[in-house]
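Colleague: Provided below for reference: sequence and predicted model.
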Amino acid sequence: MQILKAEKTKFSGKTMALTAMFAALITVTTAFIKIPAPLGYAHAGDSMVYLAACVLPAPFSFIAAAIGGALADLTAGYAVWAIPTAIIKALNVLPFFFVRMILKKNQKDDKIWRLPLLAALVLTTAVTVGGYFIADWLLYDSAVAFGEIPFNLVQSAVGAVLFSALGAALDSIKFKQRIHL
C-alpha cells in the first residue's frame, strides 16, 4: 500500500528558470505590494507562493517560496523575519503539494485553479497564522502574537483572492499546458 509517493521531477533549465522567476515574483509582490501592519505588513506575495505551488514541481515550489519570502524581508528591511518567513512560506506549499498529489492521481492536475484547492487555501492560511503566531511569540511576546492574528488573516485572504483571480486567468490561456513541466 502506497501512502505517499514522491513525484519525479525534471531538473531542467526551464524548471530552474521558472523557479527563479517565481522566487523573484514572490520577492517583489511581498516587498513592494503591501498593506502596513503594526509590526510589518500584509502583502500580495502569498498569491505568488500559492501560484508557484500549483505550477512548479514540489521541491522547486518549496525553494521558490522560501527564497522569495526571505529575500522580500531582507529587501523590505525586516531582516529579523527572513528565517521565520523562509520556513513559513516553504510550509505554505505543503497543502498544495498534497492536493496536487491527489489531483495527479486522478489526472486532474492540468489547471491551476480547481475546487479542491479551497482546502489547500484554508490549510495554508492556518500555516501562515500559526507560523507567524509562533514567530511573534518567540521574537516578542504573547500579546504581540495574538495582536498580529487579524493582520495575518488579512494577508492570507489577500493572497487567496489574488491567487484565485490569477489562477482563473492563467487557466483561461492554458498556462500549465503551455509551460510543459
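Modeller: Everything's here; your move.
Colleague: pLDDT below threshold where in the chain?
Modeller: 1-10, 37-41 (pLDDT under 70).
Colleague: all helices of it, in order?
Modeller: Applying DSSP state H to the chain gives helices spanning 13-31, 45-55, 58-75, 82-105, 117-139, 142-172, 175-179.
Colleague: buried deepest among these, which one?
Modeller: Most buried of these, by mean neighbour count (mean count of other C-beta atoms under 10 Å): helix 45-55, with a mean of 28. Just so you know, the C-beta spots here come from the backbone N, C-alpha and C atoms, and that holds for glycine as well.
Colleague: what's it packed up against?
Modeller: If you count contacts as 3 or more C-beta pairs under 8 Å, 6 or more residues apart in numbering; DSSP states H and E, helix 45-55 packs onto helix 13-31, helix 58-75, helix 82-105, helix 117-139, helix 142-172, helix 175-179.
Colleague: helices or strands up against the shortest one?
Modeller: If I follow you right, that is helix 175-179. helix 45-55.
Colleague: from residue 99, how far off is the residue nearest the centre of the chain?
Modeller: The residue lying closest to the centre of the chain (C-alpha atoms, centre = their mean) is residue 49, at 2.5 Å. According to C-beta to C-beta, to the nearest Å, residue 49 and residue 99 sit 14 Å apart.
Colleague: now do residue 64
Modeller: Residue 64 is 18 Å from residue 99, by C-beta to C-beta.
Colleague: then residue 173?
Modeller: The gap separating residue 173 from residue 99 is 22 Å, by C-beta to C-beta.
Colleague: for residue 179, same thing?
Modeller: 19 Å.
Colleague: report the distance from stretch 76-83 to the chain centre.
Modeller: Offset of stretch 76-83 from its chain centre (C-alpha atoms, centre = their mean, to the nearest Å): 17 Å.
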